[in-house]
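K.L.:
Below is the sequence, then the predicted model.
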Amino acid sequence: MGGFCVHGGIFTMRLPNSYGSIYKLSGNRRRPFAAVITQGWKDDGKPIRKYLGYYTTRKDALAALANYNAKPYKIDGHGVTLAALYARWTAYRQERDKSVPRNYKAAYKRMEPLYSVPFVDITTLQWQDLIDSCPKAPSAKLVKVLANLLYKYAALLDITSDNRVTQVETPAVAKSTKHKPFSHDEILELWAHADDFAARYALIMCYSGMRPTEVIKIKNQNVHLDDHYMVGGIKTAAGKNRQIPIADKIMPFIRQMYSPEREYLLVDDLGFHPPTLSFLRNHYWDISDIPAIKNHLPHDGRHTCETALDNACVSKRTIQLIIGHAGRDIDERVYTHKTTQQLIDAINLI
């Protein structure tokens with residue numbers, strides 16, 4: 001039970017037994033107050049003391065003791081800064097053949113004001129200030145996602161189990177208006193210019209749901225004309241190496257381009273394969289005179305397909321399988337339950 005003691009002529013409350021102690025160190029120090037706790041006993045009965053840290057005022061030292069007693073953490077990990085923890089986390093991922101995505105690296109750069117702060121000392125308010133300083137909502141969301149991953153790793157190391165970013169609020173991500181589906185009249189206009197490479201490229205996306213780069217990267221060896229499907233995809237686990245049904249409407253385009261002697265399927269009228277989306281846009285899409293092309297971005301074809309499938313009352317799960325976007329309610333069991341023919345039948349409804 002606590003009593004009273006004298007510090008510099010001032011009566012203060014004695015701390016409870018096993019709560020910890022505060023000592024004022026001698027000399028002219030910037031942080032003269034040390035917070036100490038007992039973490040066991042030696043064979044001779046003497047206590048094993050660990051320093052929580054050094055503080056500018058007694059009040060700060062008391063706050064550190066209060067935080068520790070409320071949620072004890074591993075003292076040996078107390079000095080681990082945010083930067084040090086991130087470095088250990090990246091090494092931990094690499095040991096398990098997991099790379100650190102570029103968006104996580106970008107999120108870490110935004111954490112720079114907290115690099116040198118011991119991870120267990122970062123407060124919820126500091127996280128909130130950091131996230132509020134992000135220029136855009138997606139950036140703020142990524143910072144919180146990365147912080148949660150670091151707290152999960154810190155718990156694994158027994159550094160702390162107190163996740164202080166949980167209560168941090170992130171701004172709502174505005175729904176993108178960048179992409180829009182091709183209208184019915186615009187689709188007819190594309191068909192009227194089907195002899196144009198850019199129009200054919202757009203139609204392939206409109207009737208397959210592929211991303212622009214996915215079309216570019218489809219290899220001839222993965223095109224199964226007789227079975228009406230291709231294998232390809234990028235970006236997500238659900239999108240990679242998926243079965244992409246070939247709609248009857250675009251089958252003539254696919255047959256015309258297909259050649260086992262070439263590596264890639266997509267070629268222009270001269271048999272040239274655009275190597276990147278940037279190249280394709282600069283040399284075909286952006287210089288097209290077709291209004292339907294000029295008024296849209298290449299990615300709009302994918303949105304057109306998704307919208308058309310939904311308008312045709314195709315189930316949400318089938319749509320997600322076709323376009324390669326699993327979603328939260330899709331798991332591996334769905335893939336075994338949906339046959340290729342079902343995907344082909346669905347794509348031919350549009």
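P.N.:
Here it is on my side, so go on. Numbering: from 1, shown residues only.
K.L.:
The longest helix seen in the chain packs against which elements?
P.N.:
For the chain, the helix with the greatest residue count under DSSP state H is helix 137-156. Applying 3 or more Cβ pairs under 8 Å, 6 or more residues apart in numbering; DSSP states H and E, we find helix 137-156 packed against helix 82-95, helix 102-109, helix 124-132. Just so you know, the C-beta spots here come from the backbone N, C-alpha and C atoms, and that holds for glycine as well.
K.L.:
What are the boundaries of the helices in the stretch 151-300 of the chain?
P.N.:
184-192, 197-206, 212-217, 251-257, 277-280, 291-294, 300-311 (DSSP state H, counting those that start in this stretch).
K.L.:
And the first one, what does it pack against?
P.N.:
This points to helix 184-192. With contacts taken as 3+ Cβ pairs under 8 Å, 6+ apart, helix 184-192 sits against helix 197-206, helix 291-294.
K.L.:
before we move on, back to that, reformat the helices and strands packed on helix 137-156 into a markdown table and put mean neighbour count next to each item.
P.N.:
Shown next, in a markdown table, are the helices and strands packed on helix 137-156 (neighbours: other Cβ atoms under 10 Å):
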| stretch | mean neighbour count |
| --- | --- |
| helix 82-95 | 15 |
| helix 102-109 | 15 |
| helix 124-132 | 16 |
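K.L.:
need the contact list for the residue nearest to Ile293 when sequence neighbours are not counted.
P.N.:
Ranked by Cβ to Cβ, 6 or more residues apart in numbering and with sequence neighbours excluded, the top spatial neighbour of Ile293 is Ala198, at 5.2 Å. The neighbours of Ala198, taking Cβ atoms under 8 Å, 6 or more residues apart in numbering as the test, are 284-285, 288, 290, 293.
K.L.:
what's the spacing between Ala198 and Tyr108?
P.N.:
39 Å (Cβ to Cβ, to the nearest Å).
K.L.:
Read off the pLDDT value for Ser21.
P.N.:
Predicted confidence (pLDDT) for Ser21: 85.
K.L.:
Tell me what it is bridged to.
P.N.:
Beta-bridge partners of Ser21, counted by DSSP bridges, are Val36.
K.L.:
surely it meets Leu15?
P.N.:
Yes. Here Ser21 lies in contact with Leu15, judged by Cβ atoms under 8 Å, at a distance of 6.5 Å.
K.L.:
Could you chop this protein up by domain?
P.N.:
Domain assignment for the chain by automatic domain parsing gives 4-70, 82-156, 184-347.
K.L.:
ok so, going back, give me whichever of the helices and strands packed on helix 184-192 is most buried.
P.N.:
Highest mean neighbour count of the helices and strands packed on helix 184-192: helix 197-206, a mean of 23 (counted as mean count of other Cβ atoms under 10 Å).
K.L.:
looking only at pLDDT, what's the mean for that helix?
P.N.:
Averaged across helix 197-206, the pLDDT comes to 96.
K.L.:
quick one: pLDDT of Gly239?
P.N.:
Note on Gly239: pLDDT of 55.
K.L.:
and what of the one 3 residues further on?
P.N.:
Arg242 carries a pLDDT score of 89 in this model.
K.L.:
List the contacts of the nearest residue to it once chain neighbours are set aside.
P.N.:
Using Cβ to Cβ, 6+ apart and skipping residues adjacent in sequence, the residue nearest Arg242 is Gly233, 4.6 Å away. Counting by Cβ under 8 Å, 6+ apart, Gly233 touches 210-211, 214, 239-242, 244, 324.
K.L.:
Ramachandran angles for Gly233?
P.N.:
phi 120, psi 160 (degrees, to the nearest 10).
K.L.:
What residues does Leu130 make contact with?
P.N.:
By Cβ under 8 Å, 6+ apart, the residues touching Leu130 are 110-111, 113-114, 143.
K.L.:
Try it again at 7 Å.
P.N.:
If you count contacts by Cβ atoms under 7 Å, 6 or more residues apart in numbering, Leu130 has them with 111, 113-114, 143.
K.L.:
swap in Ala154?
P.N.:
Contacts of Ala154 by Cβ under 7 Å, 6+ apart are 85, 119, 160.
K.L.:
Serialize those to CSV and add fields for distance to Asp226.
P.N.:
What follows is these, written out as CSV (distance: Cβ to Cβ, whole Å):
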residue, distance to Asp226
Leu85, 54
Phe119, 58
Thr160, 59
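K.L.:
Which one of those is nearest to Ile218?
P.N.:
Using Cβ to Cβ, Leu85 comes nearest to Ile218 of these, at 41.7 Å.
K.L.:
correct me, but the closest one touches Leu150?
P.N.:
Yes. With contact defined as Cβ atoms under 7 Å, Leu85 counts as touching Leu150 (5.8 Å).
K.L.:
about what we covered before: quick one: mean pLDDT for the longest helix of the chain?
P.N.:
For helix 137-156, the mean confidence score works out to 92.
K.L.:
That helix vs helix 82-95, what angle?
P.N.:
80 degrees (axes from the mean of the first three to the mean of the last three Cα atoms, to 10 degrees).
K.L.:
Which positions in helix 137-156 come out as buried?
P.N.:
For helix 137-156, a neighbour-count test (16 or more other Cβ atoms under 10 Å) marks 139-144, 146-147, 150-151, 153-154 as buried.
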